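Visitor: Just need the structure, nothing else, for what follows:
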Amino acid sequence: MSTNIKVIIPAFNEEDSIGLVIKEIPDIVSEIIVVSNGSTDRTEEVARDSGATVLREERKGYGYACLAGMDYIARQDIKPEIVVFLDGDYSDYPEELTKIVEPILKNDIDLVIGARDKNLRESGSMTIPQIFGNWLATTLMKLFFGAKFTDLGPFRAIKYDKLLKLQMQDKTYGWTVEMQLKALRKSYSYTEVPVKYKKRIGVSKVSGTIKGAIFAGVKILSWIFKYSFT
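Guide: Residues are numbered from 1 along each chain as shown. Model (predicted):
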């Protein structure tokens, strides 16, 4: 019996990349859900033509988009065993989804993070604020929680029942770190899988702007300190 795996892809104005992302997702996935986060271009049309289920979430924010995808799944009669989160900018390699879910399928791991390995990253694919932010966040998680995370990579897989128990709340930039912190709190089993990473298509809405980088950094640190002192 095959495992029911669904993919949630938040996307804001990714018409040039979303079709490529969908095309390269392995066929072990039962449904690809693209959540258009208020897109004003052809993102929704391209995603739909590429075979994805397309939802629209007008409230801007990465977390809002992810939560909209989860709400859609929650209303389905047949629930998945695994949910994969993947960005729509083509910076990840969608075909590596099989590597991301393998620890869950073979070793019963609860959460798997696709770690953007320095040796596998294309030069310039991560900005200096991104690299520093990842280092700071994972260092603090190691210090406060004994965590072994090295990245807050958005390409990740988690058991659906475990995801629900996290009661995810963050609406914007703190989604990834919230998931990892709550998984630590609940003593979930987790691991990282080294993944390749390339320059995204288009300009990042977060790391590509000073405002976005600052807001993301503040949000990530606020989640870490919240869980460190409560």
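
Visitor: Just give the number of residues close to Gly146.
Guide: By other C-beta atoms under 10 Å, the residues close to Gly146 number 8. C-beta coordinates here come from the backbone N, C-alpha and C atoms, glycine included.

Visitor: no no, Phe225
Guide: So Phe225, with other C-beta under 10 Å, has 12 neighbours.

Visitor: what does Val218 give?
Guide: There are 12 residues near Val218, going by other C-beta under 10 Å.

Visitor: can you check Val84 too?
Guide: Val84: 24 surrounding residues under other C-beta under 10 Å.

Visitor: I'd guessed it sits against Ile104; true?
Guide: No. The criterion here is C-beta atoms under 8 Å, and Val84 misses it with Ile104 at 9.8 Å.

Visitor: Quick check: neighbours shared by the two?
Guide: Listed as contacting both Val84 and Ile104 by C-beta atoms under 8 Å, 6 or more residues apart in numbering are Ala157.

Visitor: Now do stretch 218-226: everything it contacts.
Guide: For stretch 218-226, the external contacting residues (C-beta under 8 Å, 6+ apart) are 133, 136-137, 140-141, 144, 152, 170, 172-174, 177-178, 181.

Visitor: want to try JSON lines for those residues, with secondary structure, neighbour count and pLDDT as columns?
Guide: Shown next, in JSON lines, are these (DSSP: H, G, I helix; E, B strand; the rest coil; neighbours: other C-beta atoms under 10 Å; pLDDT from 0 to 100):
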{"residue": "Gly133", "secondary structure": "helix", "neighbour count": "22", "pLDDT": "83"}
{"residue": "Leu136", "secondary structure": "helix", "neighbour count": "14", "pLDDT": "87"}
{"residue": "Ala137", "secondary structure": "helix", "neighbour count": "23", "pLDDT": "88"}
{"residue": "Leu140", "secondary structure": "helix", "neighbour count": "17", "pLDDT": "90"}
{"residue": "Met141", "secondary structure": "helix", "neighbour count": "22", "pLDDT": "91"}
{"residue": "Phe144", "secondary structure": "helix", "neighbour count": "15", "pLDDT": "90"}
{"residue": "Leu152", "secondary structure": "coil", "neighbour count": "23", "pLDDT": "93"}
{"residue": "Asp170", "secondary structure": "coil", "neighbour count": "21", "pLDDT": "93"}
{"residue": "Thr172", "secondary structure": "coil", "neighbour count": "17", "pLDDT": "88"}
{"residue": "Tyr173", "secondary structure": "coil", "neighbour count": "24", "pLDDT": "84"}
{"residue": "Gly174", "secondary structure": "coil", "neighbour count": "25", "pLDDT": "89"}
{"residue": "Val177", "secondary structure": "helix", "neighbour count": "26", "pLDDT": "92"}
{"residue": "Glu178", "secondary structure": "helix", "neighbour count": "22", "pLDDT": "94"}
{"residue": "Leu181", "secondary structure": "helix", "neighbour count": "24", "pLDDT": "94"}
